[in-house]
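Colleague: Following is a predicted model, sequence given first.
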Amino acid sequence: MPPESSSTSDLIYGLNDRPKPAPALLAALQHVLAAFVGIITPPLIIGSTLGLTAYLPYLISMALMVSGVGTFIQARRPFGIGAGMICLQGTSFAFLGAVLSAGFLVKQRGGSRKTSWR
């Protein structure tokens, strides 16, 4: 069955259209705020579960920084690496089980928050 061709579209913007600054700013702000939840929550879970509450600001800052660097690499394609599009990079909930298991294993074997390098 051939697809129906319709002259009207439900799209607000076409592929090469540029939205006005105000709607673009609001959409960008919504995107950033939604991304913050996904980027900040895994370090909060890891830090609080493993007893690293003193290091939570550092863990959150590093998650945000690495997310920004990864997103920049995806968007700008330095050295041909990346998609060339704005693909938000960030932390994931998928690795929480592995990280928490590794953290509990280190604590079980006598590891602590304080490390000494010899």
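Modeller: Done, it's in. Numbering: from 1, shown residues only.
Colleague: For the rest of this, base every contact and every neighbour count on C-alpha atoms.
Modeller: Noted.
Colleague: Please give me every residue in contact with the residue nearest the centre of the chain.
Modeller: Central residue of the chain (C-alpha atoms, centre = their mean): Gly90, 1.9 Å from the mean position. Applying C-alpha atoms under 8 Å, 6 or more residues apart in numbering to Gly90 gives the contacts 38-39, 63-64, 66-68, 70.
Colleague: Pull out the buried residues from the longest helix seen in the chain.
Modeller: Ranked by residue count under DSSP state H, the longest helix found in the chain is helix 21-49. Buried residues in helix 21-49, defined by neighbour count with 16 or more other C-alpha atoms under 10 Å: 35, 39-47.
Colleague: cool, and stretch 62-74?
Modeller: Quick answer for stretch 62-74 (16+ other C-alpha under 10 Å): 63-64, 67, 70-74.
Colleague: try stretch 79-88
Modeller: Applying 16+ other C-alpha under 10 Å to stretch 79-88 flags 82, 88 as buried.
Colleague: What lies in contact with that stretch?
Modeller: 67, 70-77.
Colleague: among those residues, which are in strands?
Modeller: Using DSSP state E, no member of the contacts of stretch 79-88 falls in strands.
Colleague: Centre of the chain to stretch 75-90, how far?
Modeller: How far stretch 75-90 lies from its chain's middle: 14 Å, per C-alpha atoms, centre = their mean, to the nearest Å.
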